[in-house]
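>>> after the sequence you'll find the predicted model.
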Amino acid sequence: MRANGLRFHVLEEGEGDRLALCLHGFPELSRSWRHQLPALAAAGYRVWAPDLRGYGQTDRPGRTADYAIEHLVDDVVGLIDASGAREVSLIGHDWGGFVAWHVASRHPTRLARLAALNIPHPMPFLRAIRRGPQLLRSWYVLTFQIPGLAERLLSANDHHRVAAAFTSMAVDPGRFTDEDLDAYRRAAAEPGALRAMLSYYRAYLTGGGARRQRAIGFPPIEVPTLVIWGERDTALGRETLIGTREYAPDLTLRFIPHASHWVQQEAPEEVNALLSAWLRGEPVPRTWEL
């Protein structure tokens, strides 16, 4: 699949002119949506899960500037154009969700619905990170800003830390098979892959992406927005959600108490039920609600 001048590897299931476009996070792949593809297809959607720019089998540009948030947003718009879909629901987790928030802010007419899984809107997050608890949780983001250091740490011992990111944070590590973990580790070990993956963080922070986006501002997102949150997230605190309704007035918020940051991989049954109901316009089952 070609979009925005790049070749994207895309997992696809289902058919029709309603697209559910699923964006993965760090250090994941399209594979992270393996449990959602059949469920969302059964809900009547054509489902696409691409390897994002620089990840997996998708093209890997060479400069940090190539991973600026503006390019990531244009990638999603390009994928929407390539799909030819009449209606698009955008679903993102972690970095994929961060990009999805920006797409919904910058291209509101391109989306029918937005779902963000364990990723806050950029503005509440930026407010939260100025306070003690979230700043401490985000220590790794500062490490990622140092070229070479993060690559050495993550590549050590045959990229063991990439696989360990899932099992060490998970409430139920058994949800990740050896095949899953090996796939993530092998993808990160591809030449240039770690540098590309880390460039998302570098281009947004030290590269000026956050500053540019704040200068533009974030108008309220008018499309129906669903936030699903694994309560046992050790990377992002629940306080990062405070103020979300200011930026997404049509907000539905659901919590899954027994899931970690890797919510759609660790609690697929609950996530699939929430997403399927939301996509159909049905009442979204209640777990915990803020």
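Thanks, I have it.
>>> could you point out the longest helix in this structure?
helix 149-169 (DSSP state H).
>>> what residues sit buried inside it?
150, 151, 154, 155, 159, 161, 162, 163, 165, 166, 169 (16 or more other C-beta atoms under 10 Å). Glycine gets a C-beta too; all of them are placed from N, C-alpha and C.
>>> as a markdown table, those residues with distance to residue 264 would be great.
Conversion of the buried residues of helix 149-169 to a markdown table gives the following (distance: C-beta to C-beta, whole Å):
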| residue | distance to residue 264 |
| --- | --- |
| 150 | 25 |
| 151 | 27 |
| 154 | 23 |
| 155 | 26 |
| 159 | 23 |
| 161 | 22 |
| 162 | 18 |
| 163 | 18 |
| 165 | 15 |
| 166 | 12 |
| 169 | 14 |
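>>> and the longest helix of the chain, how far from the chain's centre?
Centroid separation for helix 149-169 versus its chain: 19 Å, with C-alpha atoms, centre = their mean, to the nearest Å.
>>> try stretch 79-99
On C-alpha atoms, centre = their mean, the centre of stretch 79-99 falls 10 Å from the chain's centre.
>>> only alpha carbons, please: show that stretch as PDB.
The C-alpha trace of stretch 79-99 is given here as PDB (Å, rounded to 0.1, in the frame of the first residue of the first chain):
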ATOM      1  CA  LEU A  79      -3.900   5.900   4.000                       C
ATOM      2  CA  ILE A  80      -7.500   7.200   4.300                       C
ATOM      3  CA  ASP A  81      -7.200   8.500   0.700                       C
ATOM      4  CA  ALA A  82      -5.800   5.200  -0.500                       C
ATOM      5  CA  SER A  83      -8.600   3.200   1.200                       C
ATOM      6  CA  GLY A  84     -11.300   5.000  -0.800                       C
ATOM      7  CA  ALA A  85     -13.600   4.500   2.200                       C
ATOM      8  CA  ARG A  86     -16.800   6.400   2.600                       C
ATOM      9  CA  GLU A  87     -16.500   6.500   6.400                       C
ATOM     10  CA  VAL A  88     -13.400   6.200   8.600                       C
ATOM     11  CA  SER A  89     -13.200   5.400  12.300                       C
ATOM     12  CA  LEU A  90      -9.600   6.000  13.600                       C
ATOM     13  CA  ILE A  91      -8.400   3.900  16.400                       C
ATOM     14  CA  GLY A  92      -5.000   4.400  18.000                       C
ATOM     15  CA  HIS A  93      -2.900   3.100  20.900                       C
ATOM     16  CA  ASP A  94       0.100   4.700  22.500                       C
ATOM     17  CA  TRP A  95       2.000   6.600  19.800                       C
ATOM     18  CA  GLY A  96      -0.600   5.600  17.200                       C
ATOM     19  CA  GLY A  97      -3.300   7.200  19.500                       C
ATOM     20  CA  PHE A  98      -1.100  10.300  19.900                       C
ATOM     21  CA  VAL A  99      -1.100  10.600  16.100                       C
END
